[in-house]
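Chemist: this is a predicted model, with the sequence first.
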Amino acid sequence: MKLILVGNPNCGKSTLFNALTGAHAKTGNWHGVTVGETVREAVLCGERAEIADLPGIYCEDTYSMEEEVSRRAIQSGKYDLAVCIADALTLERSLGLLKSVLRQRKNTALVITMCDLLKKRGGHLNERALSERLGLPVLCVDAHSGKDIKKLRIFLWEHMRRKGSQIPQREIDASVLDGIYAAGTREENIFFKLFYSKYFALPLFFAAMLAVFFLAFAKNMPGVLLKDLCEVLITDICGERLALAVESTGAIVAAEFVRSLFSGTGMLLSFVPQIAILYLALFLMEESGFMSALAFMTDGLFRRVGLTGRAAFSILMGFGCSAAAILTTKGLENKQIQKRVILILPYISCSAKMPVYLTVLSAFFRHPFAAIVGVYFAGILLSFAAALVCSKLYRGEEEFVMEIAHPQIPSLRVVLKSLLFSIKQFIIKIATVVSAFLIVMWLLLSFSFSFRYVGVGSGDSMMAIVCKGIRFLFYPMGITQWEIALSAVSGLIAKESVAGMLAVFYGDSIAAQMSAASAIAFVVFIMTCSPCISAIAAAAREVGLRCAVGFAAAQTGIAFLASYAVYGLLAGGAAAACALCLLILLAAAVLFLIRRFQHYEKISRTKRAKIKRFHGRNVRARFVCLFAPSSGERNKSKRKEGQRKRTLASGR
Amino acid sequence: MKLSEMAVGQTAEIVSIGTEKKLTARLQTLNVAVGKQVKLLRRAPFRGGCMLDAEGVRLALRESIAQRIDVVLTKDNGQKT
């Protein structure tokens, strides 16, 4: 038996899916959270059934990329029951989709969500009358109530085995709802007014971000206190005791191994409280509907760099995990915009980079809070700059239409559930992938090619001999140790392992290993280099392997150059700054000349010279002036000029 | 009059939509179609776009799309002025 959940975006499909199958599909109060099909088994009244959660779709005529997935699933007809899900607040509009699902002439049922909200708004719906009029089974539910989910299970079980199709008894249009449905009055509550206030929304967002960083990274705040507690518990108490116990049996190498492993993984696991605070803020933002407001308020900013407000979703998710954020880019308007967003996402510091920043920066700054905030905001600015450059690389029209989500007080249960799930994921990642990597690394670092134990950090180990070459890449950053170079490169596996490796090599004494200038250059490198392998894989799924690897290589190249420049500036002082400014000016001049040259070349090679010249001029105008008039306005002014000339001519 | 020229709080009826086919179809599912009433609720900062209430659906539209939609102002009771 296979059931599919179809419905308009943000009507609660994934919430119902999670409730029915116990899955952890991503939910949130904005349009386009789900971007791919998820299939999971559920038990309905003792019988097994496969349930597929599909991305939201408005109508058969698909507009964005993720809707295509749903359209194909509906039209394939490979299911036993199509569960059409409609939001009670916009029921009228949802009927259009129901109509196109019924066209498949398959077993169909209608489930209406958010009935509790409808009641709160003073609306009403007669479930039985609607069912009779449509000739379909209809059920009203509130997805957060356990009683309603039980009812839903029985309802689905009853109808999934029915054979044959329903033929609607009458043409489905808005008149079906006459007299049995009222949407209630829609009042803008205080949340809505705050979220969408011109003067309040963006300051609110930045204040919230600062507050989160303060709670997580400032001294004597819960984040730091809990982190220290965890570190002491895992590394000093568990790890050290175990190492001593092993040592007492006489196995010195094994004791050294235990110590290294615990200092590496224990240090990473101690970041759980800080990561939890970050995720909690993200989930609260998603569930409350603030994301939707942010997309609306920032569209004007994003337009200037060739993106749409929808990119705000992906960018905010990028603070959690780059790989997950790259998957959400499917909800963007077109492939061009998707490519641009995937290119800029690595500059948004994901939660895995946070341990690296903290490890390095707290060794050099007495108050790492300010430095961390600086790094995060620098990342945002950098991503905007990258988007501006990318908009020239992948040109394409962008349009922005988005439904606004109803703001609501986030359900604490849902937020905590997602939070626990993502912490679990983090711990699993550290305990499996990162630990395995650290163990292999430890073995390669501690034994020479003749399998003699030489100790971590010795120059005779296998890894040391193999890796001595890469340190030269880091020389211009003022870093001469191959150990640090190796740690930086290991970020490709998972960003956490950079911090893990540093702990394995140096323990707590990183400050002695590099100067402050190299430390900042190192942080810049980590901030801008290519994302980890799982994010590259996610990007490959979206834009193709060649493109994804190309992006990663370009990002790493730029990261090296940027960190060299930063080190040069910090170490060289004023002279270096002047030299860099001169270099940038020179580069800009060369770029300008090349562009001019290309511009003329284009004209000479094409027949429709006029059109092309216009095109070239447009692009350059936008490059120089951020606030160039949009094409509509320009056409209008031209039309006006033409009219003026005409009237002048006729006057003569 | 263009949709982009409306003032906040005004209600209007859509007369024509000059967008490409796919976008027009999308707008129609969001209740922005010829003959529908729309109310301009607010404008976004940084010349972003506008928020509309289209017979129960709240949506955000970019300025470039609003410029291609022609409307006729109506009073709240639906009479054309």
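Modeler: Perfect, I can see it now. Just so we're clear, the structure is a prediction, and the values are computed from it rather than from any experiment.
Chemist: same question for the helix or strand that contains A:A589, mean pLDDT?
Modeler: The secondary structure element spanning A:A589 is helix A:574-605 (assigned by DSSP states H and E). Computed over helix A:574-605, the mean pLDDT rounds to 72.
Chemist: same question for stretch A:240-256.
Modeler: 85.
Chemist: can I get it in PDB, CA atoms only?
Modeler: Only the C-alpha atoms of stretch A:240-256 are listed here, as PDB (Å, rounded to 0.1, in the frame of the first residue of the first chain):
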ATOM      1  CA  GLU A 240      42.300  10.800  31.900                       C
ATOM      2  CA  ARG A 241      41.000   8.200  34.200                       C
ATOM      3  CA  LEU A 242      40.600   5.600  31.400                       C
ATOM      4  CA  ALA A 243      44.100   6.500  30.200                       C
ATOM      5  CA  LEU A 244      45.600   6.100  33.600                       C
ATOM      6  CA  ALA A 245      43.800   2.700  34.000                       C
ATOM      7  CA  VAL A 246      45.200   1.600  30.700                       C
ATOM      8  CA  GLU A 247      48.600   2.900  31.600                       C
ATOM      9  CA  SER A 248      48.700   0.900  34.800                       C
ATOM     10  CA  THR A 249      48.400  -2.300  32.800                       C
ATOM     11  CA  GLY A 250      51.600  -1.400  31.100                       C
ATOM     12  CA  ALA A 251      50.300  -0.500  27.600                       C
ATOM     13  CA  ILE A 252      51.800   3.000  27.200                       C
ATOM     14  CA  VAL A 253      50.900   3.300  23.500                       C
ATOM     15  CA  ALA A 254      47.300   2.400  24.100                       C
ATOM     16  CA  ALA A 255      47.100   4.900  26.900                       C
ATOM     17  CA  GLU A 256      48.500   7.600  24.600                       C
END
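Chemist: the helix ranked longest in chain B close to chain A?
Modeler: In chain B, taking DSSP state H as the definition, the longest helix is helix B:21-29. Yes - counting by Cβ under 8 Å from any Cβ of the partner chain, contacts between helix B:21-29 and chain A involve B:K22, B:L23, B:A25, B:R26, B:L27, B:T29. Heads up, the C-betas are built off the backbone N, CA and C, glycines and all.
Chemist: who touches that helix?
Modeler: Applying Cβ atoms under 8 Å, 6 or more residues apart in numbering or on different chains, the contact partners of helix B:21-29 are A:Y58, A:C59, A:D61, A:Y63, A:R93, A:G96, A:E399, A:V401, B:I17, B:T19, B:A33, B:I65.
Chemist: contacts only, for the residue nearest to B:T19 when sequence neighbours are not counted.
Modeler: Among residues not flanking B:T19 along the chain, B:R68 sits closest, at 5.3 Å (Cβ to Cβ, 6 or more residues apart in numbering or on different chains). By Cβ under 8 Å, 6+ apart, B:R68 lies in contact with A:G632, B:K2, B:I17, B:G18, B:T19.
Chemist: just the buried residues of those.
Modeler: B:I17, B:T19 (16 or more other Cβ atoms under 10 Å in any protein chain shown).
Chemist: burial count for A:A537?
Modeler: 14 (other Cβ atoms under 10 Å in any protein chain shown).
Chemist: any idea which helix or strand comes after the helix or strand harbouring it?
Modeler: Assignment of secondary structure by DSSP H and E places A:A537 within helix A:533-543. Next along the chain after helix A:533-543, taking DSSP H and E as the criterion, comes helix A:545-572.
Chemist: what are the buried residues along that following helix?
Modeler: Neighbour counts over helix A:545-572 (16+ other Cβ under 10 Å) mark A:548, A:551-552, A:555-556, A:558-560, A:562-571 as buried.
Chemist: next one: stretch B:35-55
Modeler: Quick answer for stretch B:35-55 (16+ other Cβ under 10 Å): B:36-45, B:48-55.
Chemist: for A:F451, helix, strand, or coil?
Modeler: Three-state call for A:F451 (DSSP: H, G, I helix; E, B strand; the rest coil): coil.
Chemist: burial of the residue of chain A found nearest chain B, as a residue count?
Modeler: Using Cβ to the nearest Cβ, the closest approach of chain A to chain B is made by A:G300 at 3.0 Å. Look at A:G300: counted by other Cβ under 10 Å, it has 19 neighbours.
Chemist: I'd assumed B:R43 was in contact with it.
Modeler: No - using Cβ atoms under 8 Å, A:G300 makes no contact with B:R43, being 9.4 Å away.
Chemist: who in chain A is up against chain B?
Modeler: Close to chain B, as judged by Cβ under 8 Å from any Cβ, chain A has residues A:58-59, A:61, A:63, A:89-90, A:92-93, A:96, A:183, A:186, A:196, A:198, A:202, A:295-301, A:303-304, A:308-309, A:399-404, A:630-632.
Chemist: restricted to strands, list the residues you listed.
Modeler: A:V401, A:M402, A:E403 (DSSP state E).
Chemist: surely the first one and B:V57 touch.
Modeler: By that I understand A:V401. No - taking Cβ under 8 Å as the definition, A:V401 is not a contact partner of B:V57, at 11.1 Å.
Chemist: so what sits against both of those two?
Modeler: B:L30.
Chemist: any idea which of the contacts of B:R68 is least confident?
Modeler: Among the contacts of B:R68, A:G632 has the lowest pLDDT, at 60.
Chemist: still on that earlier bit, just the ones in strands among the residues of chain A next to chain B now: which is nearest A:G469?
Modeler: A:M402 (49.9 Å; Cβ to Cβ).
Chemist: state the number of residues packed around the closest one.
Modeler: A:M402, neighbours per other Cβ under 10 Å, totals 26.
Chemist: with A:N220 instead?
Modeler: Neighbour tally, A:N220, other Cβ under 10 Å: 6.
Chemist: which SS class is it?
Modeler: A:N220 ends up coil, using three-state DSSP.
Chemist: for B:G9, same thing?
Modeler: coil.
Chemist: partners of the closest residue to it other than its chain neighbours in the sheet?
Modeler: Nearest residue to B:G9 in three dimensions, chain neighbours excluded: B:L40, at 6.8 Å (Cβ to Cβ, 6+ apart). Beta-bridge pairing for B:L40 (DSSP bridges): B:L52.
Chemist: what residues does B:L40 make contact with?
Modeler: Shown in contact with B:L40 (Cβ under 8 Å, 6+ apart): B:L3, B:M6, B:A7, B:V8, B:G9, B:Q10, B:A12, B:C50, B:M51, B:L52.
Chemist: want to throw the residues you listed into a markdown table with pLDDT?
Modeler: Output for those, formatted as a markdown table (pLDDT from 0 to 100):
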| residue | pLDDT |
| --- | --- |
| B:L3 | 89 |
| B:M6 | 90 |
| B:A7 | 89 |
| B:V8 | 90 |
| B:G9 | 89 |
| B:Q10 | 90 |
| B:A12 | 92 |
| B:C50 | 91 |
| B:M51 | 91 |
| B:L52 | 91 |
